[in-house]
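Engineer: Structure here, sequence nowhere to be found:
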């Protein structure tokens, strides 16, 4: 017998709040374990790169940050779109909760990129397609946050922010394929959906584990922010008052 | 895959083949940014709850 699943059970802020509270420590612990293992592999065990020497080790921070920034943007746009489609409060809150963490990841991708570019290319920055589209991703995050906080009416702010998020999502495949479509100073991907990996296994594992660590952290951070947003937005309701009274 | 420590010494590790400024310059900012985010989220959650308690209880 198939049990009927209520897909909208967790769509209610009142049920998602405690659920997120249970998930946060799990993802935090996961992030901690993964980052320790990831750092040991990438900074202690992995050998130097044949071409780039030791300076290549920035890759273990740069790629996870850049992947997180792009992935978080897609997830943010997804929830913003779901909010527009179903007019569900929690979806908009989810999008709002993701944006600051995405901004930090986009900033870190740019920062680590510059600190990798300087020793390898001889320049901190160049206006090539990959770097420019990554900078636009950072600005899109900032635009989303700025627009949302500029509008007092929560429903209008959510809808306006959702539009930016959805329009801006076109930038993500542009970032991803920029190194193939245009001649960029930025190197092409070491891991490709179609061609597999061109890295040695130990380097690949270091990068993947660091990426999983970053993702676990971003989930924990977004959910932590989400819980605060839920309480603030649902503050008038009885279940929030019960939580406030209990704390 | 080999699981032995790659570096000859601790100084060797810190030196990063002469690229220490760039590797650690990237590293420190990543660690700081993520730590600051975690701490800020904690402080913000406490502040928000304190504010809501004053307002609604």
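Structural biologist: That came through fine. Please read all numbers here as calculations on a predicted model, not as lab measurements.

Engineer: average pLDDT for stretch A:183-193?
Structural biologist: For stretch A:183-193, mean pLDDT rounds to 82.

Engineer: Oh, that last question was meant for stretch A:228-246, not what I typed.
Structural biologist: Computed over stretch A:228-246, the mean pLDDT rounds to 93.

Engineer: Repeat that for stretch A:127-135.
Structural biologist: 95.

Engineer: quick one: it near chain B?
Structural biologist: No: on the criterion Cβ under 8 Å from any Cβ of the partner chain, stretch A:127-135 is out of touch with chain B, staying 15.1 Å away. The way it works is simple: take the backbone N, C-alpha and C, and place the C-beta from them, glycine included.

Engineer: which outside residues touch that stretch?
Structural biologist: By Cβ atoms under 8 Å, 6 or more residues apart in numbering or on different chains, the residues outside stretch A:127-135 that reach it are A:66, A:69, A:106, A:109-110, A:113, A:125, A:171, A:174-175, A:178-179, A:181-186.

Engineer: PyMOL command to pick out the buried ones of these?
Structural biologist: Those of these that count as buried under 16 or more other Cβ atoms under 10 Å in any protein chain shown are selected in PyMOL with:
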select buried, chain A and resi 66+69+106+109+110+113+171+174+175+178+179+184+186
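
Engineer: Contacts only, for the residue in chain B that chain A sits nearest to.
Structural biologist: Chain B approaches chain A most closely through residue B:17 (3.3 Å), counting by Cβ to the nearest Cβ. With contact set as Cβ under 8 Å, 6+ apart, residue B:17 has these partners: A:48, A:53, A:54, A:55.

Engineer: need those residues in CSV with neighbour count, secondary structure and pLDDT, can you?
Structural biologist: CSV is the format used below for these (neighbours: other Cβ atoms under 10 Å in any protein chain shown; DSSP: H, G, I helix; E, B strand; the rest coil; pLDDT from 0 to 100):
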residue, neighbour count, secondary structure, pLDDT
A:48, 15, coil, 90
A:53, 15, strand, 89
A:54, 23, helix, 91
A:55, 23, helix, 91
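
Engineer: hang on, the earlier thing: what about the contacts of stretch A:127-135, which are in helices?
Structural biologist: Mapping these onto helices (DSSP state H) picks out A:66, A:69, A:106, A:109, A:110, A:113, A:171, A:174, A:175, A:178, A:179, A:181.

Engineer: tell me the contacts of the third one?
Structural biologist: For residue A:106, the contacting residues are A:65, A:69, A:134, A:137, A:138, A:141, by Cβ under 8 Å, 6+ apart.

Engineer: Chain B: which of those is nearest?
Structural biologist: Closest to chain B, out of all of the contacts of residue A:106 and judged by Cβ to the nearest Cβ, is residue A:65, at 6.9 Å.

Engineer: The closest one is in contact with residue A:115, isn't it?
Structural biologist: No: counting by Cβ atoms under 8 Å, residue A:115 is not a contact partner of residue A:65; they are 11.6 Å apart.

Engineer: list residues touching both of the two?
Structural biologist: With Cβ under 8 Å, 6+ apart, residue A:65 and residue A:115 have no common neighbours.

Engineer: From chain B, how far out is residue A:168?
Structural biologist: 22 Å (Cβ to the nearest Cβ, to the nearest Å).

Engineer: Sticking with residue 33, tell me its helix or strand.
Structural biologist: Chain wasn't specified; assuming chain A. Using DSSP states H and E, residue A:33 maps to helix A:13-39.

Engineer: was after chain B, sorry
Structural biologist: helix B:20-56.

Engineer: Buried ones in that helix, by neighbour count?
Structural biologist: B:22-23, B:25-27, B:29-30, B:33-34, B:37, B:41, B:48-49, B:52.

Engineer: who are the neighbours of that helix, in terms of helices and strands?
Structural biologist: Applying 3 or more Cβ pairs under 8 Å, 6 or more residues apart in numbering or on different chains; DSSP states H and E, we find helix B:20-56 packed against helix A:59-86, helix A:89-121, helix A:201-233, helix A:238-246.

Engineer: Good, we can wrap up now.
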